[in-house]
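1. please find the sequence and the predicted model below.
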Amino acid sequence: MSAGRLAEAGGLSPAATTTLIDRLERKGYLRRIRDTTDRRRVLVELTDLARERGWQVYGPLAQEGEAGLARYSDQDLTMIGDFLRQARELTDRHRKRIQQESPHSE
């Protein structure tokens with residue numbers, strides 16, 4: 001992922017994203033690599049250390065969640081997924097509305 005896309009996804013400024021990437025890179029969690037199709041572009045990728053630490057934290061949650069979902073049929077999961085997508089879209093629409101209605105400075 002590019003730093004710009006990471007900034008957008010995380011809701012951070014480019015400067016804050018660069019600081020974050022620098023810190024995580026120093027700790028061995030990220031590395032910068034050149035894009036193979038556009039050598040001017042730099043991408044950020046997780047290291048094996050980051051993946052291992054992530055699994056230590058979230059692995060048990062993923063395993064237990066997978067076991068919990070196993071009781072639902074494919075049809076049930078499709079319906080649940082549809083509900084969650086609609087709920088997220090609704091929430092996103094109203095988050096944007098609130099941001100537009102909120103005064104930016106007082």
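-> Good, I have the coordinates.

2. and the lowest-mean-pLDDT helix or strand in the chain, what's buried?
-> The weakest-scoring helix or strand in the chain, judged by mean pLDDT, DSSP states H and E, is helix 3-10 (a mean of 90). Buried residues in helix 3-10, counted by 16 or more other CB atoms under 10 Å: A3, L6, A7. For the C-beta atoms, the positions are set from N, CA and C on the backbone; glycine is no exception.

3. likewise stretch 96-106?
-> In stretch 96-106, counting by 16+ other CB under 10 Å, buried: nothing.

4. stretch 46-65 now?
-> Quick answer for stretch 46-65 (16+ other CB under 10 Å): A50.

5. what's in contact with that stretch?
-> Residues from elsewhere that reach stretch 46-65 (CB atoms under 8 Å, 6 or more residues apart in numbering): L24, G28, Y29, L30, R31.

6. what's the distance between the third one and G59?
-> In this structure, Y29 and G59 are separated by 16 Å, where distance is defined by CB to CB, to the nearest Å.

7. redo the buried residues of helix 3-10 as TSV? Include distance to A16.
-> Shown next, in TSV, are those (distance: CB to CB, whole Å):
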residue	distance to A16
A3	11
L6	11
A7	7
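
8. just the pLDDT at S105, thanks.
-> As predicted, S105 sits at a pLDDT of 45.

9. over to Y29?
-> Looking at Y29, the pLDDT reads 97.

10. neighbours of it, how many?
-> 17 (other CB atoms under 10 Å).
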